[in-house]
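>>> what shape does this take:
(chains A and B)
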2 protein chains.
Amino acid sequence: MAAQGKPGPPPNPLKIFETARAYQLSYIMRAAVELDVFTAIAKGSHTVAELAKACQASERGVRILCDSLTVMGILSKQGKVYSLTPDSAFFLDSRSPAYLGKAFKFMLHPRNLENLQGLAETVRRGSTAGNDAAFAPEDPIWVDFARGMAPLTVSAAQEIAKILQPELAGKPAPKVLDVAAGHGTFGITVAQQIPSAQIYAVDWANVLAVAKENAQAQGISDRHHLLPGSAFDVDFGSGYDAALVTNFLHHFDPATNESLLKKIHKAMNPGGQLIILEFVPNEDRISPPAAALFSVIMLSNTLAGDAYTFAELEKMCRNSGFDRARAVPLDPTPQTLVVARRP
Amino acid sequence: MAAQGKPGPPPNPLKIFETARAYQLSYIMRAAVELDVFTAIAKGSHTVAELAKACQASERGVRILCDSLTVMGILSKQGKVYSLTPDSAFFLDSRSPAYLGKAFKFMLHPRNLENLQGLAETVRRGSTAGNDAAFAPEDPIWVDFARGMAPLTVSAAQEIAKILQPELAGKPAPKVLDVAAGHGTFGITVAQQIPSAQIYAVDWANVLAVAKENAQAQGISDRHHLLPGSAFDVDFGSGYDAALVTNFLHHFDPATNESLLKKIHKAMNPGGQLIILEFVPNEDRISPPAAALFSVIMLSNTLAGDAYTFAELEKMCRNSGFDRARAVPLDPTPQTLVVARRP
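Residues are numbered from 1 along each chain as shown, chains lettered A, B, ... in the order given. Alright, predicted model coming up:
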């Protein structure tokens, strides 16, 4: 444009600066979660003085923290009165079933940060230069993950159950393999929606303890079976009518994923449904933002993982013997289901 | 609204999630700066293969890094071709005089991060629970700061020189006190615009070495004098026609600032101009965003600093003997000049 004589706006460092200081926002919010400021507001403390008392903190600190959260759109402020937004009331009040505060422990885990601090070296190598979290089965980070992320999975779990309902509801005791079950929410939701379904949850033993707790809490533990161990090694058994592979394939390269999908294929009945949950960027790999940005986290934290496009996932399914792959976007979440069939 | 029967949109965790993962953006950009990706693009490498070669990095790493930068709006992508945006061309090409890459070293300094990681405890105390950077005179962080931030100060420095021009140009050898001179840019720019001006730069000796380099590079070192030491202790001398106090008052409480301003007042001639450069939020303390958010950095890093409103700065000036304080916003930068007069 400028070359055609029409000058653009003058260069502005604002976006670059905002990016350089973006890390501050994460720790501002984490501090507010640690102090349980959102719950204090929900319980009726609305001014600096009230909040300082409720959170056992200084007025100066509370004032600056709450003003920052207001700038960030996480609180609102009228005069000197702070209030929750609808989103912070739903997700950040620690009494809410959808409370996300525990997820921050995983998202802001020091190892994720440490790996990102070495990102330049990782880009040089093409593979994490840090700790490969995906390869440490007994790491307590996965327990934090399982406990923290469960509230986020509600809509995906409901959609999975809705897709499986017509396929499984007519069968006497349909078997569902829940690979990398984590918190167990996906399989548990299927068990709740389809009262005949038998769930077989695969994950490391320490993580399955969380799934087991959740299955008991939801009253479906008699239909919730545990297969502890690595998904690549454990004996799945056979006769599955459905298999869930949720937030797992992004840790590995396509060949590794195909070896897993082939193993799953072998354990399934003909006509069985494979349901994959992933961050699936468009083919341009730069949209939608949250799915596209997920790839750099896999670059930073894994040896060869990625956020795969639908074409890539469809190819992995096809190469593993599945057909009819289709994408089911989970708007407004940043994730997508890929549903395929064992012929 | 919902209570009036009109339901709002369903709760959406996206903004909370974006905030929790915001720290990733800072380290993605820092990695790109470390690999000098922007300069490689400016020099003509535009595809993953070309950039991998130019940056001596892996194709997988470069692809994911550049896609992320595109999502972040720091690069653009057409098909498989990456280009700089006008802003990244101006500020991130390491050959550009406005190169900001060195500023990241300060902005992402491990101590800033460490202090933020302890923000909850700081909010409890009301004063940094970490290292108070402002109280460590000889810390090399201030040298990084002086070298890295200089390109950002150009427009503020030009505006300062413009304000002083009519006041000083008629005097034979007007004296300008440059407090917390850092890189020296403010005083040096005044010296360039007002050829009779004599600049007296105050900062710690290690930092003044950077200012001295810059004064020599700009050919004004014969009119650039050094007053090494703490601004609170060093002897300023007397007879100043102007004093610059740039990005300094935010480190301290109002009483400390008034003691400094009184000391400056004493060293100035009647009619002398005091020019303060600061992040100045509006009286609501939540706008504009960049100025308002600066306060949490001062909470995190200092014992009693803040981003002061104009009313607070005006009061500090008044209590120190200055009058006629007025605000000069430096749009589109997030900073403001406060100009006052020694009667």
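
>>> which residue comes closest to residue A:178 once chain neighbours are left out?
residue A:187 (3.5 Å; C-beta to C-beta, 6 or more residues apart in numbering or on different chains). Placement of C-beta: from N, CA and C, glycine included.

>>> and that neighbour, how many neighbours?
Neighbour count for residue A:187, taken as other C-beta atoms under 10 Å in any protein chain shown: 34.

>>> ok, now how distant is it from chain B?
According to C-beta to the nearest C-beta, to the nearest Å, residue A:187 and chain B sit 22 Å apart.

>>> what of residue A:315?
Distance from residue A:315 to chain B, by C-beta to the nearest C-beta: 17 Å.

>>> where in chain A is pLDDT low?
A:1-7, A:131-138 (pLDDT under 70).

>>> so who does the residue nearest to residue A:178 touch?
Residues near residue A:187 by C-beta atoms under 8 Å, 6 or more residues apart in numbering or on different chains: A:176, A:178, A:181, A:199-201, A:211, A:224, A:244.

>>> wait, residue A:265 sits on residue A:320?
Yes. Under the criterion of C-beta atoms under 8 Å, residue A:265 makes contact with residue A:320 at 5.5 Å.

>>> break down the stretch 51-200 of chain A into its helices, ranges please.
A:59-71, A:86-91, A:101-107, A:110-117, A:119-125, A:141-149, A:154-168, A:185-193 (DSSP state H, counting those that start in this stretch).

>>> put the buried members of the contacts of residue A:187 into a PyMOL selection.
Entered in PyMOL, the line below selects the buried ones among those, by 16 or more other C-beta atoms under 10 Å in any protein chain shown:
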select buried, chain A and resi 176+178+181+199+200+201+211+224+244
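
>>> and which of the contacts of residue A:187 is nearest residue B:311?
residue A:211 (56.3 Å; C-beta to C-beta).

>>> Three-state assignment for the closest one, please.
Here residue A:211 is recorded as helix under DSSP: H, G, I helix; E, B strand; the rest coil.

>>> quick check: the gap between the closest residue to it other than its chain neighbours and chain B.
Spatial nearest neighbour of residue A:211, excluding adjacent residues (C-beta to C-beta, 6+ apart): residue A:184 at 2.8 Å. Look at residue A:184 and chain B: by C-beta to the nearest C-beta, they are 20 Å apart.

>>> cool, residue A:111 as well?
13 Å.

>>> number of residues surrounding that residue?
The number of residues packed near residue A:111 is 15, by other C-beta under 10 Å.

>>> wait, it touches residue A:130, no?
Yes. If you go by C-beta under 8 Å, residue A:111 and residue A:130 touch, sitting 7.2 Å apart.

>>> so where do the strands sit in the stretch 201-343 of chain A?
A:224-228, A:240-246, A:268-278, A:323-329, A:336-341 (DSSP state E, counting those that start in this stretch).

>>> just those strands: most buried one?
Ranked by mean neighbour count, the strands of the stretch 201-343 of chain A are led by strand A:240-246 with a mean of 25 (mean count of other C-beta atoms under 10 Å in any protein chain shown).

>>> shared neighbours of residue A:111 and residue A:130, anything?
When contacts are counted by C-beta under 8 Å, 6+ apart, residue A:111 and residue A:130 have residue A:301 as shared neighbours.

>>> pretty sure residue A:238 sits against residue A:267.
Yes. In terms of C-beta under 8 Å, residue A:238 counts as a neighbour of residue A:267; the distance is 5.1 Å.

>>> these two: who's more crowded?
The neighbour comparison of residue A:238 against residue A:267 (other C-beta under 10 Å) goes to residue A:267, with 18 against 11.

>>> circling back to that earlier point, correct me if wrong: the residue nearest to residue A:211 contacts residue A:201.
Yes. Counting by C-beta under 8 Å, residue A:184 touches residue A:201, with 5.7 Å between them.

>>> can you list residues touching both of those two?
A:178, A:208, A:211, A:215, A:224.

>>> pick out whichever of those residues sits closest to chain B.
The closest of those to chain B turns out to be residue A:211 (C-beta to the nearest C-beta; 21.8 Å).

>>> touching, that closest one and residue A:191? I think so.
No. Counting by C-beta under 8 Å, residue A:211 does not reach residue A:191; the two are 11.4 Å apart.

>>> and for these two, which residues touch both?
Counting by C-beta under 8 Å, 6+ apart, the common neighbours of residue A:211 and residue A:191 are residue A:224.

>>> and the residue nearest the centre of chain A?
The centroid of chain A falls nearest to residue A:149 when counting by C-alpha atoms, centre = their mean (6.1 Å).

>>> list the contacts for the residue nearest to that residue when sequence neighbours are not counted?
Distances taken as C-beta to C-beta, 6+ apart place residue A:103 nearest to residue A:149, at 5.5 Å, with adjacent residues excluded. For residue A:103, the contact set (C-beta under 8 Å, 6+ apart) comprises A:148-149, A:151-152, B:20.

>>> isn't residue A:215 up against residue A:222?
No. Look at residue A:215 against residue A:222 with C-beta under 8 Å: they stay out of range, at 9.0 Å.

>>> looking at those two, which is more packed in?
residue A:215 (25 against 10).

>>> bridging residues for the closest residue to that one other than its chain neighbours?
Nearest-residue entry for residue A:215: residue A:224, 3.8 Å, with adjacent residues in sequence omitted and distances by C-beta to C-beta, 6+ apart. Residue A:224 has the following beta-bridge partners by DSSP bridges: residue A:199.

>>> unless I'm mixing things up, residue A:224 is touching residue A:184, no?
Yes. Using C-beta under 8 Å, residue A:224 makes contact with residue A:184 at a distance of 7.1 Å.

>>> anything in contact with each of the two?
Listed contacts common to residue A:224 and residue A:184 are A:201, A:211-212, A:215; contacts here mean C-beta under 8 Å, 6+ apart.
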